[in-house]
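Novice: Here is my input; please provide its structure:
(one chain, ligands or ions: 2)
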Amino acid sequence: MSDAGELLTIAVDVVRGAADLVLAMRTEAIADVSTKSTRTDVVTAADRAAEAYVIDALRTRRPGDAVLGEESGEHSTAGTGTAGARREGMPEPASEAGRVRWILDPIDGTVNYLYGLPQYAVSLAAERDGLVVAGVVRNAATGEQWTAVRGGGAYRSGHRLACSAVTELSQTLVATGFGYAAARRAHQARVLAGLLPLVRDIRRFGAASLDLCFAAEGRFDAYFEKGLSAWDHAAGGLVAAEAGLVVSGLAGQPPGPDLVLAAPPGVYRQLHDALVAFDAAGGP
Ligand code: IPD
Ligand code: CA
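Specialist: Ligands and ions are numbered 1, 2, ... in the order given. As a prediction, the model looks like this:
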């Protein structure tokens, strides 16, 4: 198995445990909700518990790797406790050059989780030297799971995924999402007002990682969003790219906080140019 394949095996194992925890905790977790950047940006006890579970599991399986988690920021998994100690037979910690960094969203779609909408996921990607090489997204509510290894294709339940073959913007079903700050939403609404008459329709499901996985299998054609963090799109972006979507920012930029666009090759340029015209990467 390739190095990235081994990282994926670990990721799948760890994410399954985290997703089970998220689902099992829902009743108690939604009674313990705090807010972050705005009053609509929520975090529950389950976000924190799932993040701690994943970090601890990675510390045991991959001592020396780094982790970036949405709720607790950057970590080294070297740790000092029992979980951080190296055990016989474990791999040596990676050198700085080839060091692995895990990128984790313990619950993507926390508002859906709060309301009981079955569209929330644990998302975990492995990045080596700044490049995402493996990723898994698991819908904790349904058990659906998407995986990808760089250069090895994207899969759900053993089936290799391919994005849509759409070639006309007017026939393109586009998903998007909105940030939590009012000023950003006002700008996103203006972009949407420009785009909506040009496309088949718009969808907003509430979990960026799942949006990218849905695009990977053609449940809609394309996806874009401004304001995403690495944990929202690292794993799903690899799934989408491995299914054939072009995943980028605007005007030659890589996908990032200004914009993540995932579009099938047949419609990428048309959608890209429309988003440039509506200044989708601009605004607050
Ligand atoms: C959010 C979801 C949502 C997207 C937001 C994200 P969270 O992540 O992915 O779909 O529109 O931009 O912040 O807060 O549920 O982890
Ligand atoms: Ca989250």
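
Novice: Just give the nearest non-adjacent residue to the residue in the stretch 1-150 of the chain positioned nearest to ligand 1, would you?
Specialist: Using Cβ to the nearest ligand atom, Thr110 is the residue of the stretch 1-150 of the chain that sits closest to ligand 1, at 4.0 Å. Every residue, glycine included, has its C-beta placed from N, CA and C. Leaving aside its chain neighbours, Thr110 sits nearest to Val42 (5.4 Å; criterion: Cβ to Cβ, 6 or more residues apart in numbering).

Novice: which ones are touching the one you found?
Specialist: Under the criterion of Cβ atoms under 8 Å, 6 or more residues apart in numbering, the contact list for Val42 reads 33-36, 110-111, 114.

Novice: Next one, pLDDT for it please.
Specialist: The confidence metric pLDDT takes the value 81 at Val42.

Novice: Return the set of residues that bridge with it.
Specialist: The residues paired with Val42 through beta bridges, assigned by DSSP bridges, are Thr35.

Novice: I'd like the distance between it and Thr176.
Specialist: Using Cβ to Cβ, to the nearest Å, one obtains 20 Å as the distance from Val42 to Thr176.

Novice: What of Phe205?
Specialist: Note on Phe205: its distance to Thr176, by Cβ to Cβ, is 10 Å.

Novice: so what sits against both of these two?
Specialist: Asp211.

Novice: Report the lowest-confidence entry in the contacts of Val42.
Specialist: At the low end of pLDDT for the contacts of Val42 is Lys36, which has 87.

Novice: Isn't it up against Asp47?
Specialist: No. Using Cβ atoms under 8 Å, Lys36 is not in contact with Asp47, being 9.7 Å away.

Novice: Of those two, give the one with the bigger neighbour count.
Specialist: For the pair Lys36 and Asp47, the greater number of neighbours falls to Asp47 (26 against 14), based on other Cβ atoms under 10 Å.

Novice: Confirm that the more buried one sits in a strand.
Specialist: No. Read with DSSP: H, G, I helix; E, B strand; the rest coil, Asp47 is helix and lies in no strand.

Novice: mind listing what it touches?
Specialist: Contact analysis of Asp47 by Cβ under 8 Å, 6+ apart lists 29, 70-71, 106-107, 110.

Novice: what ranges do the strands span in the stretch 51-200 of the chain?
Specialist: In order along the chain, the stretch 51-200 of the chain carries the following strands (DSSP state E, counting those that start in this stretch): 66-69, 73-76, 100-108, 121-128, 131-139, 145-149, 154-156, 159-160, 173-176.

Novice: average pLDDT across the shortest one?
Specialist: The reference is to strand 159-160. Here strand 159-160 scores 98 as its mean pLDDT.
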